[in-house]
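Engineer: Sharing a model prediction with you, sequence too.
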Amino acid sequence: MSVPSSKNKWLTKDVFNWSLFDFANSTFATIIVAFVYAIYFKKVVALNEPVADFYWSAAINISMIIVAVLSPILGAASDHFSSKKKYLFFFTFLCIISTAFLYFITEGMVLWGMILFILANIGFQAGLGFYDAFIKEISEHKNYNRVSSLGYAVGYLGSLASLAAVIVLQDTPRLTFLACAGMFLLFSLPIFLFVKEKKKEAEVQPGNFVKIGFKRTIETLKHIKNFRNIKLFLISYFLYIDGVNTIIFFSANFAQTTLNFSIADLILFFIIVQVTALLGSFLFGWIADKTSTKKTLIFIILSWAVLTLMVFFANDKTTFLVIGAFAGTFLGSSQALSRSFFGKLIPDEKKTEFYGFYSLFEKTSTILGPLTFGLVSWLTGNQRYAVLSIIVFFVAGFLLFRKVKENPDPVLPDGV
């Protein structure tokens, strides 16, 4: 692949090397979170006991809560000391090492299986805020959509490569954990070796980074009312991305339980979603540049609501696969354009700190939607009604997002 180096091109060497990190971390999302370890933990580590799902959900929630608390504080400290790469390296290394050690987890090792996953997921999730914040350094404002879309597209290529590894090593699942760690390490190296971070003079000694992080986070919370656009967007994002996350978490469950999908059917479904997500990242990134990011996101959010309604009426595998193809198209674009749109709203002085809040809202959005789905499914005994309940998140997110203004020149209010 040829990578232009001219400053007039949006696809620079920095952008390309940055995007490879999306390829790297997608291996963890696919192999550990979505497929192999999730199944391995339940059937082998937890001996397929009824309580296994509780253990798994507990491990996910514990890691997400820790990340939600840490992200804004670490982001604020990172902005103050211009040290995104240092924090990104620490959390990436934590994820890689913890993932590799999963190889040693065998039958009945529930506690250690949970601890290592929690550490790995903290590393994976916490690193995303620092990675996202590089967008404002490696590209110009007008190219945010394209750069963010490229990152997600490369990430879906990473998911497909991970699926290939899963198929090759399906008879030895523990080896896939080592393969995941190796792929994560290999494809994360370019951002650390070749992407330079803009430095500034720190106001205090680096040893006070926790204190500085707390102080700047509290200051931002106190003045959040002055950032009306950012506040509105984060709440709307919390709602509609909650709907998206719920669909991600329960699509395979719904397909297998309600539509009787086999493992082969699920693999086909996953491939279709990843390919269309890759294409959708580019397609809607181009559309957003031609029209506006806000209008494109509004279309995508409403499309999610329509697709969710279609799932409610789906009665056969073919229909669900077609819906999955469209959902994949909107999956990549909704994530990519949300990230780039947020980058346009926030001031440069607090980019990592605000991306920490962005990460906080994204991580906490994995609780309410799945909880709603689970409760409705349990109370009604019908997953279709649970699917229908998710539409509320898209409608509420749309109504709030309409009030957000596209501000190309975000500035800090006085006193912040």
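Structural biologist: Received it, and whenever you're ready, just let me know what you need.
Engineer: Thought Lys196 was touching Phe134, still the case?
Structural biologist: No: the pair Phe134 / Lys196 is not scored as a contact, 10.2 Å apart, by C-beta atoms under 8 Å. The C-beta positions use only the backbone N, C-alpha and C, and glycine is treated the same way.
Engineer: more neighbours, these two?
Structural biologist: Using other C-beta atoms under 10 Å, the more surrounded residue of Phe134 and Lys196 is Phe134, with 25 against 9.
Engineer: Tell me who's in contact with the more buried one.
Structural biologist: For Phe134, the contacting residues are Trp18, Lys84, Ile191, Val195, Glu197, by C-beta atoms under 8 Å, 6 or more residues apart in numbering.
Engineer: give me the number of residues near the nearest residue to Lys84 once chain neighbours are set aside?
Structural biologist: The shortest distance from Lys84 to any non-neighbouring residue, by C-beta to C-beta, 6 or more residues apart in numbering, is to Phe130 (4.5 Å). Phe130 has 27 neighbours, counted by other C-beta under 10 Å.
Engineer: Kindly list the main-chain dihedrals of Phe130?
Structural biologist: With angles defined as degrees, to the nearest 10, Phe130 shows backbone torsions of phi -70, psi -40.
Engineer: Offset the numbering so it begins at 457, please.
Structural biologist: With 457 as the first residue, the last one maps to Phe586.
Engineer: still on that earlier bit, I'd like the contacts of Phe590 as TSV, with secondary structure appended.
Structural biologist: Below are these laid out as TSV (DSSP: H, G, I helix; E, B strand; the rest coil):
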residue	secondary structure
Trp474	helix
Lys540	helix
Ile647	helix
Val651	coil
Glu653	coil
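Engineer: circling back to that earlier point, if I pick the residue nearest to Lys540, what's in contact with it?
Structural biologist: Leu530, Gly531, Ser534, Lys540, Lys541, Tyr543, Leu544, Phe547, Thr808, Tyr811.
Engineer: mind redoing it with 10 Å?
Structural biologist: Contact partners of Phe586, counting by C-beta atoms under 10 Å, 6 or more residues apart in numbering, are 527, 530-531, 534, 539-548, 653, 808, 811-812, 815.
Engineer: ok, back up a step: what touches both of Phe590 and Lys652?
Structural biologist: Common neighbours of Phe590 and Lys652 (criterion: C-beta under 10 Å, 6+ apart): Asp470, Lys541.
Engineer: quick one: Ile529 and Phe586, what's the gap?
Structural biologist: The gap separating Ile529 from Phe586 is 13 Å, by C-beta to C-beta, to the nearest Å.
Engineer: Give me the common contacts of these two.
Structural biologist: Gly812.
Engineer: what's the pLDDT at Asn464?
Structural biologist: Listed pLDDT for Asn464 reads 56.
Engineer: correction: Gly784
Structural biologist: Listed pLDDT for Gly784 reads 91.
Engineer: Leu739 is in contact with that one, correct?
Structural biologist: No: Gly784 is beyond contact range of Leu739, at 11.4 Å (criterion: C-beta atoms under 10 Å).
Engineer: Pull up the overlap in contacts between the two.
Structural biologist: What both Gly784 and Leu739 touch, as defined by C-beta under 10 Å, 6+ apart, is the set Thr732.
Engineer: And those two? Which one has more around it.
Structural biologist: The residue with more neighbours, out of Gly784 and Leu739, is Gly784; 24 against 15, by other C-beta under 10 Å.
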